[in-house]
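Novice: pasted the sequence and its predicted model underneath.
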Amino acid sequence: MANAKDRVKIKKKRTKIFRKVRNNNSFGTFFAYLFLLVLFSAIFVTIAGFFVEYILESKFYEEYSKLSTVAEIYEGSKSDDNIIQTMMKTSNDFLITDKTGNILHQKGKNTCSFEGNTVYLSDKADKFLIYKDSDSDYLYPGKDGYIKVRWKQIWDLYSKMLFDKIEFTVEGSGDEAGDEADDEPDAASEDTVVAEKKLHEAHGVYVTLNADSDDVNGIRDIDSIKIPLWVSIDAGDGENFVGKMLFSFNIKDVVLVFEIALAIVVVAVVLSILMMISIISGIIKYRRVRNLFYKDFVTDGKNWNWYLINGDKRIHGFYSRNQNWAAVNFVFKNYRNYCLCHSVPEGEEALAKINKVIEGSIDKSEICAHATTSNFALLLRYENEEELRQRLNQLIEELSHIEEEHEFSFQAGVALLPSDSNTINDTDEGRIPRKELFIDDIYNNACSARAVLSDTDESGIQFFDKNLLDDQKWTDIVQERQAAAISGEEFKVYYQPKYNPQDNTLRGAEALIRWQFSEDELVPPGKFIPIFEKNGFITEIDHYMIRHVARDQKMWLDQGYKCVPVSVNVSRAHFIETDLAEQILGMVDEEGCPHNLIEIELTESAFFDDKKAMIETIKKLKSYGFAVSMDDFGAGYSSLNSLKDMPLDVLKLDADFFRGEDAGERGQIVVSEAIRLGKSLNMRIVAEGVEEKEQVEFLASQGCDMIQGYYYAKPMPKSDYVSRMSK
């Protein structure tokens with residue numbers, strides 16, 4: 001069982017794989033387009049800012065130069081009344097104040113608010129004291145040293161001019177303004193006079209009409225709009241010249257600014273649309289990839305990956321973790337036979353039908369996935385064990401008649417995870433906290449439960465319980481200790497003698513293995529050999545036994561004992577190795593044991609593997625001087641062809657011949673015929689599992705060569721076996 005750190009690593013690795021599928025490029029695209037949107041908007045805003053700044057500065061210097069000239073004239077000729085009268089005829093309104101702020105001279109209406117700030121122009125090289133016009137709210141000096149423009153209010157004003165009839169008043173008093181202009185024809189050109197006549201005031205601004213317009217009839221008649229702002233110029237002797245500047249904005253200037261703003265909006269909208277299209281496209285692509293990643297192409301349903309990721313979500317979810325969950329290994333037992341009788345495509349169609357029925361029987365919070373060939377992985381909610389068992393029985397009953405001409409069988413292994421359980425196990429040893437628990441931990445237990453039913457083809461349900469848990473733990477312990485047990489010589493060789501029933505003399509023995517698991521615990525082979533056969537470690541055990549038996553035989557020979565042949569079991573797993581005979585020869589020779597004292601014993605089931613390889617190996621072993629025997633003859637579906645083709649030396653009759661109801665007269669007939677057949681093929685006959693005197697007498701009468709069983713002796717340690725040899 002993996003420790004907590006290993007489990008966390010596995011979890012992170014799995015999560016990383018699933019995250020690659022779960023994540024899509026929508027967010028990357030979103031941030032890319034968002035960056036472009038911000039970038040282009042910043043560029044356009046910067047350009048618009050430079051443009052506005054350029055307009056304001058050019059307008060400012062144009063108006064300032066006019067006022068500066070008037071201020072210089074005043075400063076040079078303050079005592080000349082004619083100069084003052086001439087200044088009064090300029091187009092700009094102004095005020096002249098003394099040190100205390102009293103107004104000495106004034107032209108036009110005083111709308112200076114005297115609320116202002118110092119403004120820097122030309123990269124802050126020049127600074128000016130600017131005042132806001134009290135009647136106008138469109139321009140004002142900002143505290144940051146720049147002239148501010150309220151473009152929205154300007155646009156609203158234009159809109160009113162465009163859609164509303166607005167009455168304007170000519171600057172001055174109508175004809176008086178015209179008379180003033182006519183009285184001074186030399187003060188300006190004819191175009192200027194026409195323009196000045198068409199200077200109107202409304203909403204705190206001045207409007208200049210087109211040259212061919214007499215009245216303001218809407219925005220089409222407006223040539224420009226002039227917004228007032230006041231500037232203070234030092235006139236010497238503590239006096240200040242405060243003049244009104246009219247910032248002139250042609251309609252084209254305003255439209256251009258708003259065109260830039262509109263362009264920014266359009267670009268933002270276009271980028272937003274493209275971004276949304278990309279995101280939607282990414283989501284669609286992601287769903288396609290996700291569906292492919294989680295799709296099972298046999299059943300057209302969900303696959304094992306779907307079960308893993310969603311199963312973990314269920315058992316760890318904030319709400320669902322408070323529910324009872326059961327992992328189910330649901331197996332279609334007839335699948336391989338069905339495919340053999342029909343075809344693989346028809347078998348897959350049957351799997352698809354089964355998957356559809358299962359999906360129809362579960363709710364949205366439960367999970368069904370096609371795990372492997374004929375296995376379905378389920379995650380179901382349940383109230384109690386009996387309710388879950390009934391539900392699975394109903395499902396099996398429905399599926400068993402899914403096709404009229406067939407009756408299918410299904411097996412279900414179930415592992416429960418109650419809501420009040422924080423661990424997968426009930427004991428402290430090997431306990432897994434729920435937060436570190438994977439869905440495949442529970443499903444693995446369900447598979448272990450189902451494996452109990454695997455030897456039968458009938459339908460059934462098996463729940464994972466304490467006994468199965470103990471078996472699983474024992475398997476883990478055995479596999480963890482197996483290598484160390486070999487190197488630590490924990491496996492002990494026991495010997496069970498074989499006696500000649502004619503004279504009760506020792507004629508042979510079989511080497512059997514025991515595991516000295518602890519000082520007080522000796523584990524029989526039935527508890528660990530099946531585990532070794534499954535995990536492949538049985539080949540190491542075979543080598544261990546051959547070496548130790550050969551070593552013991554050589555030692556006893558050197559000690560003067562009269563040794564008899566000892567049979568050693570060799571697993572069928574070895575027969576995939578073409579050099580098995582050479583391996584055995586090398587191990588026995590390395591220990592210095594005579595070949596005739598080692599008998600290689602093969603189980604009957606091994607004869608159903610590669611027959612040609614088996615015959616070749618047996619021939620090699622016999623050529624090296626080893627005897628070869630068939631163990632458990634009669635235990636399975638014995639084939640007489642095995643006896644015909646295999647050049648065996650010894651035939652061991654299975655113990656079941658001498659047990660059960662058929663051990664009477666019918667059993668004796670079979671045993672006697674088997675002995676006669678073996679004798680006819682020049683084989684020595686060994687009967688094992690013999691426990692009663694009557695059996696010994698019968699076997700002796702039939703010419704059985706050796707008897708192995710409790711009647712003569714149980715398997716014993718080496719020391720006891722040596723005592724038997726000495727007698």
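Specialist: Thanks, I have it. In this text the structure is predicted, and so the values were computed from the model without any measurement.
Novice: confirm residue 651 sits in a strand?
Specialist: Yes - membership of residue 651 in a strand is supported by DSSP: H, G, I helix; E, B strand; the rest coil.
Novice: count of neighbours near residue 47?
Specialist: By other CB atoms under 10 Å, 13 other residues sit near residue 47. From N, CA and C alone the C-beta is placed, and that goes for glycine too.
Novice: same check, this time on residue 351
Specialist: Per other CB under 10 Å, the neighbour tally for residue 351 reads 23.
Novice: what about it, which SS state?
Specialist: Under three-state DSSP, residue 351 falls in the helix class.
Novice: that one contacts residue 371, doesn't it?
Specialist: No - at 11.3 Å, residue 351 and residue 371 do not qualify as touching, with contact defined as CB atoms under 8 Å.
Novice: can you pull out the strands in the stretch 601-727 of the chain?
Specialist: Along the stretch 601-727 of the chain, counting by DSSP state E, counting those that start in this stretch, strands occupy 627-633, 650-653, 684-688, 706-708.
Novice: nearest to residue 409, of those strands?
Specialist: Nearest of those to residue 409, taken as CB to CB: strand 627-633 at 29.5 Å.
Novice: and the angle from the closest one to strand 684-688?
Specialist: Comparing the axes of strand 627-633 and strand 684-688 via axes from the mean of the first three to the mean of the last three CA atoms, to 10 degrees yields an angle of 40 degrees.
Novice: give me the contact list for strand 627-633.
Specialist: 565, 567, 569, 596, 598-605, 607, 618, 621-622, 642-643, 646-654, 674, 686 (CB atoms under 8 Å, 6 or more residues apart in numbering).
Novice: which helix or which strand is home to residue 329?
Specialist: Element membership for residue 329, per DSSP states H and E: strand 325-332.
Novice: so what strands line up beside that strand?
Specialist: strand 375-381 (antiparallel), strand 410-417 (antiparallel) (DSSP bridges).
Novice: out of these, which is the most enclosed?
Specialist: Compared across the strands paired with strand 325-332, strand 410-417 shows the largest average neighbour count, a mean of 24 (mean count of other CB atoms under 10 Å).
Novice: let's have the strands paired with strand 325-332 in TSV, adding mean pLDDT and distance to residue 668.
Specialist: Listed next are the strands paired with strand 325-332 as TSV, based on pLDDT from 0 to 100; distance: least, CB to CB, whole Å:
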stretch	mean pLDDT	distance to residue 668
strand 375-381	94	47
strand 410-417	92	40
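Novice: mind checking which of these is nearest residue 501?
Specialist: strand 410-417 (46.5 Å).
Novice: low-scoring stretches of the stretch 201-350 of the chain, by residue?
Specialist: For the stretch 201-350 of the chain, applying pLDDT under 70 flags the ranges 201-204, 209-222, 251-257, 320-321.
Novice: where along it do the strands fall?
Specialist: For the stretch 201-350 of the chain, strands defined by DSSP E, counting those that start in this stretch occupy the ranges 205-209, 222-234, 240-250, 325-332.
Novice: longest helix of this structure?
Specialist: The single longest helix within the chain, with elements called by DSSP state H, is helix 26-76.
Novice: what angle separates that one from strand 222-234?
Specialist: With the same axes, to 10 degrees as the basis, helix 26-76 and strand 222-234 are set at 60 degrees to each other.
Novice: next secondary structure after helix 26-76?
Specialist: According to DSSP H and E, the helix or strand after helix 26-76 is helix 81-87.
Novice: can you list contacts of the following helix or strand past that following helix?
Specialist: Under the assignment DSSP H and E, the closest C-terminal helix or strand after helix 81-87 is strand 94-97. The contact list for strand 94-97 (CB under 8 Å, 6+ apart) reads 67, 70, 74, 87, 103-108, 110, 112, 235, 239-244.
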